[in-house]
Each structure stands twice: as C-alpha cells, then as structure tokens.
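Colleague: missing the sequence, but the structure's below:
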C-alpha cells in the first residue's frame, strides 16, 4: 500500500487521523498549499515548511503542458525537480480542462482541448491522466473525472457522474505505480441521491481514498455547508476524504465538522498576491491607507516569519511600491494561517471540543460563514 | 565615533579590513546588496543573511518619496521597518536625482525636481539629504554630491566638483546623529587632477570615510579600471573607501586591487530578475533552451540555497512559466555569488596572493574584464 490512514480521534463526524505516504506522514485534517506549476507561488520549499506545510498539491494539467511530465520524470520526478521532499498530491487535470482549456470536446474516450498556453491540440484520457501522474511521481494521484458546473442541468450532471465512474474504473485498471496511491472522485453536485449513487459505485471499486469534487464550482457556500455532512458520510470511515479546491477558512471548518481530512485551495497564495491577509479576526486589505502607519503585525500571536519580523506599515509600503516581497510575505502568512487553523482544529477534535472551537472561530471571523 | 575601521592585511594596494558600525562589524572588501525601496528585491532578510549579506544599501531618494523618511523614522527607523538588523548604508539621493527625477534644476542651494512617482515638486538640499538619512537611521550616510555624466565637458565637471565640495561642507555642518557616520564623495570623472583636487579638499574636512562617485555613469570599464588605482590612492589609508554603484564581478576585482573596501550594485538582483545567473565561469542565461533538460545546479560547488536545492532545468521552467520564484532564486544565487567572490578576495589578500587570484578569476570569467 502506497498510503495508510488511521483515524486516531473522533468528535462528532470530525476526526483526527494520520496519513502515511512514501514521502512521510501527515496529520489530518490538513490543508495542502497549491503548487500549480511545480512551485507554490512566491515561496521556497524552506519557507513552505517553516509555515507548517507538510503536503502540497501539483496540477497535472499545467505540468503536462509545461514543462512536460516526461521532462519532470527525467529530472527525477516532481519532488526532486521542485525541491520538495514531503508528500505531493496531484490532481488529474479534469477540473483545469473544464476551467482553462479552449475548444474542449468531451466524449467517453476522454477530453480533447487546446492548450491555453500555445493552442496545441491535446487529449486527456483516463489512461493518459494516470500516465502523467505516474511520470510526475506524486505520492497521491487522482482519477480523471468530469467536473460540470454546479448549476448544470440534472441530465448533464447525471451524464458526468456516469462518465466519472467509467473513467475511475479505467484509471484504476491502468495504474501500476506501487509507490503512488490513486484516489477516486465523487461527483454529483448538490443532488444527494446522485452523489450517493456515484459514491456507491466508486466505493465498490475499493480505492484507498476518496475525494468530493465539484464543490468549488459555482455553488453558494451555504449549499456546500449543508451538503457536506451527507456527502462525507457516503465515504468509507477508514479511508482519507479529500474536499477538492475548497476554500475559505469557514469552509474548511465546515469540512472538518463533516469528517473531511484533506483540503486544497489557491486562496491563501492568490489572496496574498492581491494584498489580502487572512487573520483569525477576518481579512485585512493591506493596500488600504489605514495600514500606512500601523507598526502592528498582521496578526498578534502569529508565529509566522512575516508576523515575527514586519509590521502592517511595511507590508502596505511593499504593495504601494509594487515590490515582489509583498506577495511573498503575505502568501507566507496566509499559508501559515491556514495551517495553524488546521493545527488548532486537530487539537480541538482530539480534545472533544471541535463544535465550540468552530463556533468561536466563526464568531471572530465576523460570522461570515455562519 | 559611529564607525571604526582597521586595516588588517595588505597585499599590494589591496587590503582586508574590519569596519564596525552601530549594527555590527563587517569584514572588507565587502559587497552591499541594494535595497532601494526598503527591500532587496525578492529576498527576505533571512535569505539575504543566509546568502552572506552583512551590510545592505538603502536609497534616500526612493525612500523619501515613498513611504517617506518621517514615516520610516516613526516606525522605528529603517532597520526595524524592513526587518534588517545588520548595518545599512544610505546614499544621498544625488545620483537618483540625476538619473530618475524629472525637470531637475540644480543650483548651489540644492536640486529642485519633480518626483518620478507622482510629479510632485521637491527640493533636495545638502541639509535635507542629511535630515532624510538621519530620519532613516542608517549606520552610514553619504553627503549630497553633484554627479554629472562621465562624458561631461571639463567646465561642467569642474563646476560639479566645486559644488560637491561646497555641499559636503554643508552636510557635515548639518549632521548631528552620533550613531551615524557621514562619508564624503569624491567626484571629478576620469580627470585625475580634478579627482585629486576634490579629494584634497574633502580629506581636509576629515570625514570618517570616502567614496568614489561617478564611476558607474557612462565610462567604459577599461577607463574605470585604469583610473581606480590613482583615485583610491588619493584617499586616506586608514579610512574606508567605497566605490559607488559598481559593478560587474571583474569591476569589483579591479576595485579590490586598487584598495577599495566597499561596493554596491543592483546587478546581482536586477540580472537575477532577468534570468541571468553569475557564475565563476561567466554568466548563464536561464531562458536559453539549452538549460531545459539540465539537472545541474547553476554553479557546482556553490553552497547557496538555490544551488543546493534546484537544477537549471527547474530554474528554466520557472522563468518559462513566469513564476515569481525564478527571480527570487536567481537573485539569491547572484547575491551569494558576489559575496563569495568578496570572501575569496579577502582570503587571497590575507594570504598575499590576490594578483594570482584575480588573474585566475578573470581567466575563468572568459577575460571579459581583462
């Protein structure tokens, strides 16, 4: 088995677990910073690790386009290529084909599309998605899924689920790498019976872990929060559960409450580049003139490198002067904030006080997610 | 005395010294990375220190425009504002007024100009240059000088020298900060007799150190290399000598040979952002397709973070994908390279073999500077 997973504590549906991978163990619930193009934007692997990152995500679609998965393989695999020796999860590229690629055409065979970089005509089949991820050498790979918008018509959603099941089977049949786990993805939007049908078929195929897909696409947060407990309960208790592409701090807390173990999102780094800092008391917009003369750190009590060394006035200045260090320092803090939130969530679950912890967090966040 | 300086070893005109400042001691010859806007572009203070940086430079002109020297003072001074607890040298802003400001008008009183950021009408007098630097709180401040292009007519060069002497006197009279040293700047272009006249007047004023200005502006490297020994010899033996704004690795070696102690230049960081890496065997252009599949580090034997963790193929990919980490990692290596060159130069001077060391360096660099 490439990965193992053990639940250590439960608190309602929430749980604390230990996920082992060929590149080390990860406590869950855990957030995975996104390294789309073989780099978590603006941060070195050392900075990532110091911010608390233990497992990161790479994007199959981007990496096969550039620099190419065979090149990454020839350079010793993604870990060595990008200098990250911890666990890596790669997505299957399905979501990006739907959100980035041009002139896409989907059939049961796979997806044909044009590269958003150079317009080249490409094909992503279930088999190819597995090959790419085997070349990248991630610890955890994902099956190719069809990921329709959340507001798709019922028939479209049903067709996507059928194809997702078909493709999961083909991915599993094609996967050979013993030091890599292949996880399945449950689709079905907010239709609980469709999710249940999809989950039932995939669980019967006995994957080592399961993801919930389609939740970052188009739904209102409230609908997602309402759907998560039922969806998570469709997945095996003893295997890791991954909520793909989600989300805001309050969404992660809703996920943990529902029994989710893994999360990923570009939000901490994308927001950091856009001068938005996450804090326990809600977001700070560092371009705002009110920060111009404020020597306080982004967040008192935060032990990240940014908060330990710099004040808001300095960070405001870096963005006003368009200096690269601004995005780097804010991305660093935001990643550290997300990982600290997961640390605190694990402690709360272990100590049987997760509901109170979540309520307190939401209160401080200004009930944005309540 | 805010600074002390002791020459410890000599080898021809080259020397190894120890410069003490209120924020720590610095071995010389030393290169100072440039932190124009209160940040060495793309690098954190921790990364800078790990790359070997011991003293950095801040730009008076940029900082008074944005965020403002009074704001920096109110935030606890430049060291605290930017999170750098080592020594800082600030220039006087004269060079930037000549190279960046618009609609400038220079009189004996000072320089009037428009900000290149917002067009505001500003005045930089010798007294104001001192006030700004006292607000910034650098360890070493520079007098305001007039810095004409190297190819200026003899009368213009002579007028600039006269004004530089006049302004140095006014800066000295206005300077009060006991924990800051004020250094004078010798102008005069490539006219050795004019340099001698300028140096004589300034040396008589007994500054704690002297800079050679005007060498980064317009001259051919060969003319600078030829002029440096004579110019450096005009300056007191027992005080630090600083060659402003210079230069390429071979220019630093020429400076060390002439008895220069301090250097600064944007080249390592600017080149790093433009995908050019300095190595002992000459520059590498990382955008070049030949690096696409090369797993070798930028420079074998380099102990910088970049070379210890990443190959050329990865760095090529980062620039191809327009990822922020490319400029950061190349700037880091280039700064480390410049500082290693100075480390090796100090060792060679201490061991009485600087001429051979310089010849070997120039040979490996492809005699570009020979």
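Modeller: Nice, I can see it. Just so you know, these numbers come straight off a predicted model, no measurement behind them.
Colleague: Can you pull the residues of chain A lying near chain B?
Modeller: Within reach of chain B by CB under 8 Å from any CB of the partner chain, chain A has these residues: A:37-39, A:41-47, A:66-67, A:71, A:74-76, A:81-83, A:292-293, A:295, A:305, A:309-311, A:313-314, A:316-318, A:320-321, A:323-325, A:327-329. The way it works is simple: take the backbone N, C-alpha and C, and place the C-beta from them, glycine included.
Colleague: From these, which land in helices?
Modeller: Using DSSP state H, the members of these that fall in helices are A:45-47, A:71, A:74, A:81-82, A:305, A:309, A:313-314, A:316-318, A:320, A:325, A:327-329.
Colleague: From those, list just the buried residues.
Modeller: Neighbour counting with 16 or more other CB atoms under 10 Å in any protein chain shown marks A:45, A:47, A:71, A:81-82, A:305, A:309, A:313-314, A:316-318, A:320, A:325, A:327-329 as buried within those.
Colleague: And for residue A:55, nearest residue in space, chain neighbours not counted?
Modeller: If you skip the residues right next to it in sequence, residue A:55 has residue A:87 as its closest partner in space, 4.1 Å away by CB to CB, 6 or more residues apart in numbering or on different chains.
Colleague: Hmm, that neighbour is touching residue A:26, no?
Modeller: Yes. Proximity of residue A:87 to residue A:26 meets the contact threshold set by CB atoms under 8 Å, at 6.0 Å.
Colleague: Give me the common contacts of these two.
Modeller: The overlap between the contact sets of residue A:87 and residue A:26 (CB atoms under 8 Å, 6 or more residues apart in numbering or on different chains) consists of A:19, A:54, A:55.
Colleague: In contact with the closest residue to chain B within the stretch 151-300 of chain A, which residues are there?
Modeller: Closest approach of the stretch 151-300 of chain A to chain B (CB to the nearest CB) occurs at residue A:295, with a separation of 5.3 Å. Applying CB under 8 Å, 6+ apart to residue A:295 gives the contacts A:311, A:312, A:313, B:75, B:76.
Colleague: are any of these buried, and which?
Modeller: The neighbour-count test (16+ other CB under 10 Å) marks A:311, A:312, A:313, B:75 as buried among the contacts of residue A:295.
Colleague: could I get the residues you listed as JSON lines with pLDDT and distance to residue B:33?
Modeller: Rendered in JSON lines, the data for the buried ones among the contacts of residue A:295 read as follows (pLDDT from 0 to 100; distance: CB to CB, whole Å):
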{"residue": "A:311", "pLDDT": "98", "distance to residue B:33": "22"}
{"residue": "A:312", "pLDDT": "98", "distance to residue B:33": "25"}
{"residue": "A:313", "pLDDT": "98", "distance to residue B:33": "23"}
{"residue": "B:75", "pLDDT": "98", "distance to residue B:33": "22"}
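Colleague: Can you name the two of those that sit furthest apart?
Modeller: Within those, A:312 and B:75 form the most distant pair, 10.1 Å apart (CB to CB).
Colleague: and the residue nearest to residue A:88 when sequence neighbours are not counted, what does it touch?
Modeller: Leaving aside its sequence neighbours, residue A:88 sits nearest to residue A:138 (CB to CB, 6+ apart; 4.5 Å). Contact partners of residue A:138, counting by CB under 8 Å, 6+ apart, are A:58, A:78, A:88, A:89, A:90, A:180.
Colleague: quick one: which of these sit in helices?
Modeller: Where the contacts of residue A:138 overlap with helices, as defined by DSSP H, the overlap consists of residue A:78.
Colleague: just so I have it, where are all the strands in the stretch 51-200 of chain A?
Modeller: Taking DSSP state E, counting those that start in this stretch as the criterion, the stretch 51-200 of chain A contains strands spanning A:56-58, A:88-90, A:102-106, A:111-114, A:121-124, A:140-142, A:181-186.
Colleague: Mind listing what's buried along the longest one?
Modeller: Read that as strand A:181-186. Residues of strand A:181-186 classed as buried: A:181, A:182, A:183, A:184, A:185, A:186 (neighbour count, 16+ other CB under 10 Å).
Colleague: next one: it to chain centre, how far?
Modeller: Its chain's average C-alpha position is 14 Å from that of strand A:181-186, according to CA atoms, centre = their mean, to the nearest Å.
Colleague: Residue A:122: how many residues sit nearby?
Modeller: Per other CB atoms under 10 Å in any protein chain shown, the neighbour tally for residue A:122 reads 18.
Colleague: Surely it touches residue A:110?
Modeller: No. Here residue A:122 lies out of contact with residue A:110, judged by CB under 8 Å, at a distance of 10.1 Å.
Colleague: tell me the contacts of whichever residue of the stretch 201-350 of chain A sits closest to chain B?
Modeller: With CB to the nearest CB as the measure, residue A:309 is the residue of the stretch 201-350 of chain A nearest to chain B, at 4.0 Å. Remark: with contacts taken as CB under 8 Å, 6+ apart, residue A:309 is in contact with B:44, B:45, B:83.
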